[in-house]
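Novice: got a predicted structure plus its sequence, pasted below:
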Amino acid sequence: MKKNYRFFKGFLSGWAFMLLIGAAALAMRTKIPGSASDNTDEEAAVTQEHVNKLAELEMMIDAYNLEEADKKKMTDYMYKGLIAGLEDPYAAYYTEEELSSVQQSLEGSYKGIGVLMTQNYETNEIKVLRCYEGAPAENSGLMPDDILLKINGQDTAEMSLNEVVSIIQQGEEDMISLTVAREGEKEPLTFSMEREKVEVPTVNAQMLEDEIGYIQITEFDSVTVSQFGNALEELEEEGMEKLIVDVRNNPGGMLTSVCDILDQMLPEGLMVYTEDKEGNRSEYSSDEEHQFTKPLAVLVNENSASASEIFAGAIQDYGLGTIVGTTTYGKGIVQTTYSLEDGSALKLTTAKYYTPDGNDIHEKGITPDVAVEAAESVQTPGATEKETDIQLEKAIEILNEN
């Protein structure tokens, strides 16, 4: 199973918050002791010597560089370069504008084109994972598995997905042009679309045969909790006797959201816990008010990550349902985002999370109870032609045996 993909959630907000387990700390401010001027630690990344060298580099740029430099961009990339030195694909420095995009994406609606993308951080390849129904990307003809080559005519080979997002969300033009490579097509395809405010449809639900309810969760946003609760209530009213929850291709989301949903499913007890490098432990527990007691199956695959793995892991540890599909992505680390006084922010990996039974799933994933490889013809979870979805068919078979 490949482990080299970063996932970015959104309407090409692309802002990963599979990366954002624990990102509720946006409001936290920190004061760092000391400064470059009084830092004499030779092992420090920033000393007065480094500050002097940066000033020298800037003077040389001013004196010799042919084009006039964008000083703000130079400063931003100086900070981004410091964080890049951590070699942590989940750590990031956000400008004030980028942070605003992140916050909007978590609210469940923002201006964009309605697409979920991933970036392979070894090859830098950016791939479309999902196009949201009725959003500009889908309406233009963009499809899952398309590989992004250009945005507004600019080659994306050296771009991060954050940069692509910035062009889409912060650019001066509302018209977006994406050039992609598509399997089966000899030449690249170009699609034009206009960005617009898009509501995030994070939950899809329907009643299948044999009174089996089906709920697909595509992301764990702030809006997902109410959407899931409404879907569950509607299925109950329709006479649901069994339930399938589908978190395949779900890159994750907010820790608070997945815990609120698990609270509707689990008995009283531990749902997930985290530990930082000092061994400090934070626990998240469900109460006894709600519990789902009907036969349950959870669909997962190699793209189920972070919050999706918290969900599947808790269901598995409590023995409340059967996990069906393929081993999950294996992202068991927590990112915390700290806001800075100038409006920018720093996101760092700060802890690991563990399932209720204490399982560390980072770079291991959740192993399904019943392993079923997906048919190649199935492009997205909950596809219309469900007879081709052998993972879903297996979940139905298991529930009908109960």
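Specialist: Perfect, I can see it now.
Novice: so which residues of the stretch 201-350 of the chain form strands?
Specialist: Assigned by DSSP state E, counting those that start in this stretch, the strands in the stretch 201-350 of the chain fall at 203-207, 212-217, 242-246, 269-276, 281-286, 296-300, 322-325, 333-339, 345-354.
Novice: before we move on, what about the stretch 1-150 of the chain?
Specialist: 5-8, 92-94, 109-112, 115-120, 126-131, 147-151.
Novice: so what's Ala135 up against?
Specialist: 11, 112-115, 198 (CB atoms under 8 Å, 6 or more residues apart in numbering). For every residue, glycine as well, the C-beta is placed using N, CA and C.
Novice: quick check on those: which are buried?
Specialist: 11, 112-115, 198 (16 or more other CB atoms under 10 Å).
Novice: looking at those residues, which two lie furthest apart in space?
Specialist: Farthest pair in the buried ones among the contacts of Ala135 (CB to CB) is Val115 and Val198. Separation: 9.6 Å.
Novice: quick one on the thing from earlier: can I get the strands of the stretch 201-350 of the chain in a markdown table with mean neighbour count and distance to Thr156?
Specialist: A markdown table is the format used below for the strands of the stretch 201-350 of the chain (neighbours: other CB atoms under 10 Å; distance: least, CB to CB, whole Å):
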| stretch | mean neighbour count | distance to Thr156 |
| --- | --- | --- |
| strand 203-207 | 18 | 30 |
| strand 212-217 | 24 | 29 |
| strand 242-246 | 25 | 30 |
| strand 269-276 | 18 | 34 |
| strand 281-286 | 16 | 38 |
| strand 296-300 | 28 | 30 |
| strand 322-325 | 26 | 31 |
| strand 333-339 | 21 | 24 |
| strand 345-354 | 20 | 22 |
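Novice: out of those strands, which is closest to Pro136?
Specialist: Closest among the strands of the stretch 201-350 of the chain, using CB to CB: strand 203-207, at 19.2 Å.
Novice: what pairs with the closest one, parallel or antiparallel?
Specialist: Partner strands for strand 203-207, per DSSP bridges, with pairing direction: strand 212-217 (antiparallel).
Novice: where's the partner strand relative to the chain centroid, distance-wise?
Specialist: 21 Å (CA atoms, centre = their mean, to the nearest Å).
Novice: now do the residue located most distally from the centre of the chain, the pLDDT please.
Specialist: In the chain, Ala63 marks the outermost C-alpha relative to the chain mean, sitting 42.9 Å out by CA atoms, centre = their mean. On pLDDT, Ala63 comes in at 96.
Novice: next one: Tyr132
Specialist: 85.
Novice: picking that back up, and which of the buried ones among the contacts of Ala135 is nearest Asn139?
Specialist: Gly114 (8.5 Å).
Novice: contacts only, for the closest one.
Specialist: Per CB under 8 Å, 6+ apart, neighbours of Gly114: 11-12, 131-132, 134-138, 198.
Novice: good, we can wrap up now.
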